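Peer 1: Need a 3D model of the sequence below.
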Amino acid sequence: MADTFTDNFNLTKPEAGKVSWDTDYAALADLIDSRFMMAGKNAIINGACQVAQRPAPNISGSYQYGKVDRIAAKADGTPTAGTISQSETTLLGSSGYASHLSGVSTGAGGAMYWRYRIESRDVQRFISQAGIFSAKVYHNVGSAQNFTITINKANAKDDFSAVTLISASGNLSVEDATETAIEFAVADLASCGNGIEIIVKCDCGAVTTKDFYLADLQFEKGNVATELEPRPIALEFAMCQRYYQQYGEGSNEMLGTSAVHSATTAFVIIPFQTTMRTTPTVTYDSTLSNYLVRISGSSQTPTSLNNDVITPRTMSINIGITGGTVGDCCFMYSPPADGISGLIKLSAEL
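Peer 2: Predicted structure coming up:
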């Protein structure tokens, strides 16, 4: 047992018999290791698939993050239809939510993939330890399908552009229209401290408007899968925002406030809701009319939007305006009510 209790609090284990709780020391240290130091035994954030900030994108042959936060997906076989969505379903999972590859059609060589990455800071306790990944899956292809689980490690800290295989499972057969628990244990995760990547694959072949579900993702120490450990939704949401945040989901949603800098320039400051993993990449809507700037009692469409200063905690936007008066207060807001247009997207994903 790694002595996380003494290591982190600079304490010395008491001698036997000196204090009444000595016989429970191991249990206490394990409890602190799994519950306090890591906010739970499960190293996967949003394993219950409840947090879903993004719109559901169309599935493609390249990994992209879908509606369920922290889970990326793709399809082989040149997909022609389907989305990376979220399902509220009683088909599987303890929470009733799942990452849903919905209505997918592919050609020959079709296969579905889900990918999850764990950053370096959260895998230190797994170095040279046994670890096990577990999840629940479901599909409606019409016959039993083989699923596999692959566990890789990043070659550089939090950089998954190159990875090395740790281990891969054999085929895990999943019957049609049947909730199935799958798992894969690795006896020694070795030098995985740069980060861990987990890939779940369904080797389905060509399909037409079929559905694939993944739920109850958990990665924990040891070689025995345990029941999914739930987190309060408020905590789960904040943990997801370390990697992705977006602003402007509702009609007339405030984006940020500041002041006019010149007749043609204003700056708006947006403090982030959670400190992000690293300085995020910012994406604006391509249609400027999906944003409005309010200055001196009237609104106008910005003529341009450019990043000014960005940190993991806040950002300022250089906004092109007309007829500004230096020092006037201004604020930026998103007028569309569709929850998709007028977004400011911040990504610090791995």
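Peer 1: what residue ranges in the protein score low on pLDDT?
Peer 2: Across the chain, the ranges flagged by pLDDT under 70 are 1-39, 90-91, 339.
Peer 1: center of it, which residue is that?
Peer 2: R70 (1.5 Å; Cα atoms, centre = their mean).
Peer 1: show me what contacts the nearest residue to that one once chain neighbours are set aside?
Peer 2: Nearest residue to R70 in three dimensions, chain neighbours excluded: N46, at 4.7 Å (Cβ to Cβ, 6 or more residues apart in numbering). Quick note: C-beta positions are derived from backbone N, CA and C, even for glycine. N46 makes contact with 68-71, 236, 239-240 under the criterion Cβ atoms under 8 Å, 6 or more residues apart in numbering.
Peer 1: Domain-wise, how is the protein divided?
Peer 2: 4-36, 64-232, 244-347 (automatic domain parsing).
Peer 1: What is the burial count for V207?
Peer 2: Look at V207: counted by other Cβ atoms under 10 Å, it has 27 neighbours.
Peer 1: Test my guess that it contacts V141.
Peer 2: Yes. Using Cβ atoms under 8 Å, V207 is in contact with V141, at 6.0 Å.
Peer 1: what residues does stretch 205-214 touch?
Peer 2: Residues outside stretch 205-214 that contact it (Cβ under 8 Å, 6+ apart): 49, 71, 77, 81-82, 87, 89, 91-93, 98-112, 114, 135-142, 200, 202, 204.
Peer 1: In PyMOL, select just the buried ones from those.
Peer 2: Burial among the contacts of stretch 205-214 is assessed by 16 or more other Cβ atoms under 10 Å; the matching PyMOL selection reads:
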select buried, resi 49+71+77+81+82+87+89+91+92+93+98+99+100+101+102+104+105+106+110+111+112+114+135+136+137+138+139+141+200+202+204
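Peer 1: Could you list which of the contacts of stretch 205-214 belong to strands?
Peer 2: Here DSSP state E is the test, and the contacts of stretch 205-214 give 81-82, 87, 98-105, 111-112, 114, 135-139, 200, 202 as lying in strands.
Peer 1: Now do the phi/psi pair for S191.
Peer 2: phi -90, psi 70 (degrees, to the nearest 10).
Peer 1: OK, contacts around it?
Peer 2: Contacts of S191 by Cβ under 8 Å, 6+ apart are 127-128, 153.
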